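K.L.:
A structural model of the following input is requested.
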Amino acid sequence: MLQRGDLVPHFQVRRLEGETFGYSTIWQHKNLLLVTLPTLNSESAGAYALDITARVRESGDRDVECVITRDPVPGVSAPAVVVADRWGEIVFAVEKSSVSGLPAPRELIEWLNYVRNQCPECEGEAR
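P.N.:
Okay, the predicted model is just below:
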């Protein structure tokens, strides 16, 4: 499983809505919220996906791309959540044995806010 500090590999998946998404279309332009769900559909996975989608919309953050998929992503198991900055550096990643163990959608919005408010110059000095 990818971890904090790793780079998101370029991938192409089918979103839950059915459209194809290629990571290269947003790389260096938008932050990423990637949610991988198990291949088997469940009521809890569907509710989780709907809640995340609604909260991302409510946040009004146009600098984030929310990708929810059942397709495999290299280095990411399912279910899992990855939050990465626009350059593909992972700032938060977690995998669980079930969807119910994944972070609450409000926590994911907090991670996206953290990424949006990072100071690249400050981060560089700290390294």
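
K.L.:
now residue 109, what's its secondary structure?
P.N.:
With DSSP: H, G, I helix; E, B strand; the rest coil as the basis, residue 109 sits in helix.

K.L.:
scratch that, residue 33 is what I was asking about
P.N.:
strand.

K.L.:
Just list the residues touching it, thanks.
P.N.:
52, 56, 64-67, 81-83, 108, 112 (Cβ atoms under 8 Å, 6 or more residues apart in numbering). Just so you know, the C-beta spots here come from the backbone N, C-alpha and C atoms, and that holds for glycine as well.

K.L.:
go on, residue 42?
P.N.:
Counting by Cβ under 8 Å, 6+ apart, residue 42 has contacts residue 99.

K.L.:
thinking again about what came up before, save the contacts of residue 33 as a markdown table, and put in pLDDT, secondary structure and distance to residue 25 too.
P.N.:
Shown next, in a markdown table, are the contacts of residue 33 (pLDDT from 0 to 100; DSSP: H, G, I helix; E, B strand; the rest coil; distance: Cβ to Cβ, whole Å):
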| residue | pLDDT | secondary structure | distance to residue 25 |
| --- | --- | --- | --- |
| 52 | 97 | helix | 20 |
| 56 | 95 | helix | 17 |
| 64 | 96 | strand | 14 |
| 65 | 97 | strand | 8 |
| 66 | 98 | strand | 14 |
| 67 | 98 | strand | 11 |
| 81 | 98 | strand | 20 |
| 82 | 98 | strand | 17 |
| 83 | 98 | strand | 18 |
| 108 | 97 | helix | 21 |
| 112 | 96 | helix | 18 |
